[in-house]
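> just to be clear, the model below is a prediction. Sequence and coordinates:
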Amino acid sequence: MSKIGLFYGSDEGNTEAVALRIQARLGEERVNVHDIADVTQLEIADYDQLIFGIPTWDFGQIQSDWEEFWEDVQEIDFSGKTVALFGLGDQFGYGDYFLDAMGMLHDVIFAKGAAVVGHWTTEGYEFEASKAEVEGEGMFVGLAIDEDQQEELTGGRLNRWCRQIADEFGLEGGADSVAQLDD
Ligand SMILES: Cc1cc2nc3c(=O)[nH]c(=O)nc-3n(C[C@H](O)[C@H](O)[C@H](O)COP(=O)(O)O)c2cc1C
């Protein structure tokens, strides 16, 4: 069975923790977790199914390790690859830039041929503007997580989203193979 590669960048540990919570739901036997600070292009190119996690920093900026990797990610051919995105942000603190980095990462991989799954409703969030929003559709390009303002909702969102992407990735057993956790 080929595995899913989950790659995240994280300044203060929130995105890393969410990455591990996703792995716990989908199963360690199905997901390898990598810090983007420690990887090469080849390690990403090796996977056909990917999950990317990215927080937004400093008023709409890409997290620092992702930023260092940005040229590399732009060179990867994503055709034939399926990618699900999750982003972390703070909707009240930075409501004009909510999850912008997830939107920017989406645009890069989409332009390079990725099939993007894991779209997520904007309902339940309050923000002014976001580059991660699919205009007019009431959807984000990936899962929206806010550990600063809505920490108590994260576990349930992860349960639902992991069920969704298990189906969209076509994993064996589908949504019902995903652990529903109370963390
Ligand atoms: C100085 C600072 C700037 C931030 N800028 C943004 C922003 O522009 N947009 C956003 O959605 N979140 C912003 N955030 C919130 C972070 O994305 C959020 O705290 C996230 O959980 C951090 O993830 P990490 O611990 O994995 O680095 C900012 C936080 C800080 C402290």
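Noted; the coordinates are in hand.

> roughly how far does residue 106 sit from residue 22?
When distance is defined by C-beta to C-beta, to the nearest Å, residue 106 is 17 Å away from residue 22. In this view, the C-beta of every residue, glycine as well, is placed from N, C-alpha and C.

> quick one: low-confidence parts of this protein?
1 (pLDDT under 70).

> how about the strands in it?
4-8, 31-35, 49-57, 61-62, 82-88, 115-117, 120-121, 133-134, 139-140, 143-145 (DSSP state E).

> CSV for these, including distance to the ligand and mean neighbour count?
Formatted as CSV, the strands of the chain follow (distance: least, C-beta to the nearest ligand atom, whole Å; neighbours: other C-beta atoms under 10 Å):
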stretch, distance to the ligand, mean neighbour count
strand 4-8, 8, 24
strand 31-35, 11, 16
strand 49-57, 3, 26
strand 61-62, 7, 18
strand 82-88, 4, 27
strand 115-117, 19, 17
strand 120-121, 15, 18
strand 133-134, 12, 18
strand 139-140, 11, 20
strand 143-145, 7, 28
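
> just put these in TSV and tack on distance to residue 17.
Below are the strands of the chain laid out as TSV (distance: least, C-beta to C-beta, whole Å):
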stretch	distance to residue 17
strand 4-8	10
strand 31-35	11
strand 49-57	10
strand 61-62	19
strand 82-88	10
strand 115-117	23
strand 120-121	19
strand 133-134	25
strand 139-140	20
strand 143-145	10
